[in-house]
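[1] A structural model of the following input is requested.
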Amino acid sequence: MHRDIATALVGLSIILLVPSSLAQSTVVLGDSISVAEGDMGIEGISVSENQDLILAHGANSGIFLIDSNSPENNSHIEWSGDYSLLDSSFHPGGETAIMVGEGGNVLRMTLANSSIEQAGGPSTFGDTLLTSVSWNGDGSWAYIGGEDGWIWRFRGTSDGGIEAIVLENRGDRVISGISCLRGHNICAITSTLGGIGIIDQEHGLHWIGGFGTPWVDIVCHSSEVPECVAISSDLTIASIVVVVSEPSETRVFDNDIVQLQGFVGAMTGIEAQSDGISLISLAPFGLIEHDKEAGKSFHWLDNFDAVEFDVEISDQRIVGTWGSGFFEGWLITDRGTLVSFGPVDQSEDNSMLEIWIGIIILGGATLLVASLMVSSSPKLSNWLTKRIGSEEERKDVVRKERRQSRKKGRA
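    Numbering: from 1, shown residues only. Next comes the predicted model:
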């Protein structure tokens, strides 16, 4: 009985102390920057191997290089083409990047001087709409996918030419995503309604499941257990554990595919952040965090909070994200707007000041009760740690809660 009263007192204290308006999302939006005036028609991004450089590209052969840590440092790279560039990939060696797009066009950028050259065109790829590209683990080949199920393995030759060879066993639907495992020359692909495939070390293409789902993108994590995560426009997620020793034996089973509940919108893209964490972009404007280790997805940025931040920005489409720290990073929209995000509690210094002033006003008795309750209630202790703890303390709490949640799910 006394415990119930104490709990009620602490609950009342918390209600009085917490500001009346709290964000619903895990993160809040912060600074915003535009790479240029007007609508840039950005279609996608890629992140360099050392994660210090972002390559953004889109309509009218628009190409931008962005400093990942200080995005205000960005530059527009001139190229005379007038076609859309839909996907890109940095070479693992860190010296070049390739971009693919409309009309069978492939561009290569040399990062040392930001120069651009044509690396393929209609004479090689026909008039195919090229939608996806990724270098394999050691950078010996890139895989390029397009409409009608076309997939090529591609590389430059020592005499300055190119080599492009069509993969056998292709499907007949658009290749919507390609992602390769670092440390292994194995790649995974998604096809719109055509299923999920694995490309092995010998360039063999094997279809492994997920047929009939509108897959839109895939990302692979090169962790202790190599795993790829595919997403669809209808809020479906597939987890693919890659059999490295025999990639053709990799399978997508029914219990590997989950349709998320409690989320609103259509998934449009997925990017790896860190430590098995991926961020999934939503339309309308929103983000979902997917934790590979926990096998679960979490609200990251809800559309409601994006609208409250800036109605104009919330009406844009997120085309890419990258991390810069725990719960921190940047996103870029189709118009070329860069927006930072960070933890809710770190952006509410004024709210924290109000909390401490409130505690002082409530007096020693309430503080004593609260202190006793925090020490005896792990749940309340975790809540306060996430509100006012250090970054490492907050990170430990989040991991602990997810482990507990995972254990409950197995019970």
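[2] what helix or strand is the spatially most central residue of the chain located in?
    In the chain, the centroid-proximal residue (C-alpha atoms, centre = their mean) is Glu271; its distance is 2.5 Å. Counting by DSSP states H and E, the element that carries Glu271 is strand 266-274.
[3] who does the next helix or strand after that strand touch, helix- and strand-wise?
    Helices and strands here follow DSSP H and E; after strand 266-274, the next one along the chain is strand 277-283. Counting contacts by 3 or more C-beta pairs under 8 Å, 6 or more residues apart in numbering; DSSP states H and E, strand 277-283 packs against strand 266-274, strand 286-291, strand 318-325. Every residue, glycine included, has its C-beta placed from N, CA and C.
[4] out of those, flag the one nearest Glu72.
    strand 318-325 (13.4 Å; C-beta to C-beta).
[5] mind listing what's buried along the closest one?
    Neighbour-count burial for strand 318-325 flags Ile318, Val319, Gly320, Thr321, Trp322, Gly323, Ser324 (criterion: 16 or more other C-beta atoms under 10 Å).
[6] if we only consider the residues you listed, which is nearest to Leu53?
    Using C-beta to C-beta, Trp322 comes nearest to Leu53 of the buried residues of strand 318-325, at 10.1 Å.
[7] if we can go back for a sec, between the strand holding Glu271 and strand 318-325, what angle do the directions make?
    Angle, strand 266-274 to strand 318-325, by axes from the mean of the first three to the mean of the last three C-alpha atoms, to 10 degrees: 20 degrees.
[8] CA atoms only: put strand 266-274 into CSV for me.
    Extracted C-alpha coordinates of strand 266-274, given in CSV (Å, rounded to 0.1, in the frame of the first residue of the first chain):
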residue,chain,number,x,y,z
ALA,A,266,5.3,3.5,-47.7
MET,A,267,8.9,2.5,-47.4
THR,A,268,11.1,4.1,-50.0
GLY,A,269,14.7,3.3,-49.1
ILE,A,270,17.0,1.8,-46.5
GLU,A,271,20.5,2.8,-45.4
ALA,A,272,23.0,1.2,-43.0
GLN,A,273,23.8,3.4,-40.1
SER,A,274,26.1,1.4,-37.6
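[9] show me how this structure divides into domains.
    2-21+349-410, 40-311 (automatic domain parsing).
[10] model confidence over the last one, on average?
    Which is domain 40-311. The pLDDT scores in domain 40-311 average 95.
[11] still on that earlier bit, nearest to Leu331, out of the domains of the chain?
    In terms of C-beta to C-beta, the element of the domains of the chain nearest to Leu331 is domain 40-311, at 7.3 Å.
[12] residues of stretch 149-157 that come out buried?
    For stretch 149-157, the buried set under the neighbour-count rule, 16+ other C-beta under 10 Å, comprises Gly149, Trp150, Ile151, Trp152, Arg153, Phe154, Arg155, Gly156.
[13] so what touches that stretch?
    Residues outside stretch 149-157 that contact it (C-beta atoms under 8 Å, 6 or more residues apart in numbering): 98, 106, 108, 119-120, 125, 128, 140-145, 162-167, 170-175, 189, 191, 194, 199, 203, 205.
[14] surely His76 meets Gly58?
    No - His76 lies out of contact with Gly58 (C-beta atoms under 8 Å); the separation is 11.5 Å.
[15] what about those two, which has more around it?
    Remark: of His76 and Gly58, Gly58 carries more neighbours, 24 against 14, as counted by other C-beta atoms under 10 Å.
[16] before we move on, what SS does Arg182 have?
    Three-state call for Arg182 (DSSP: H, G, I helix; E, B strand; the rest coil): coil.
[17] that should have said Asn255, apologies.
    helix.
[18] ok, it - how many residues close by?
    The burial count for Asn255: 7, using other C-beta under 10 Å.
[19] ok, now the one 5 residues further on?
    Applying the criterion other C-beta under 10 Å, we find 17 residues in the vicinity of Leu260.
[20] check contacts around the nearest residue to it once chain neighbours are set aside.
    Nearest non-adjacent residue to Leu260, counting by C-beta to C-beta, 6 or more residues apart in numbering: Leu235, 4.6 Å away. Contacts for Leu235 were tallied using C-beta under 8 Å, 6+ apart; they are Gln259, Leu260, Phe263, Gly265, Ala266, Met267.
[21] any buried residues in stretch 235-244, and which?
    Residues Leu235, Thr236, Ile237, Ala238, Ser239, Ile240, Val242, Val243 are the ones in stretch 235-244 that count as buried (16+ other C-beta under 10 Å).
[22] now those as CSV including distance to Asp52 and secondary structure?
    As requested, the buried residues of stretch 235-244 are exported to CSV (distance: C-beta to C-beta, whole Å; DSSP: H, G, I helix; E, B strand; the rest coil):
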residue, distance to Asp52, secondary structure
Leu235, 33, coil
Thr236, 33, strand
Ile237, 29, strand
Ala238, 31, strand
Ser239, 29, strand
Ile240, 29, strand
Val242, 28, coil
Val243, 33, coil
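[23] with distance to Glu224 added, can I get these in a markdown table?
    Putting the buried residues of stretch 235-244 into a markdown table (distance: C-beta to C-beta, whole Å) gives the following:
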| residue | distance to Glu224 |
| --- | --- |
| Leu235 | 28 |
| Thr236 | 26 |
| Ile237 | 21 |
| Ala238 | 20 |
| Ser239 | 15 |
| Ile240 | 16 |
| Val242 | 12 |
| Val243 | 14 |
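[24] cool, thanks, signing off.
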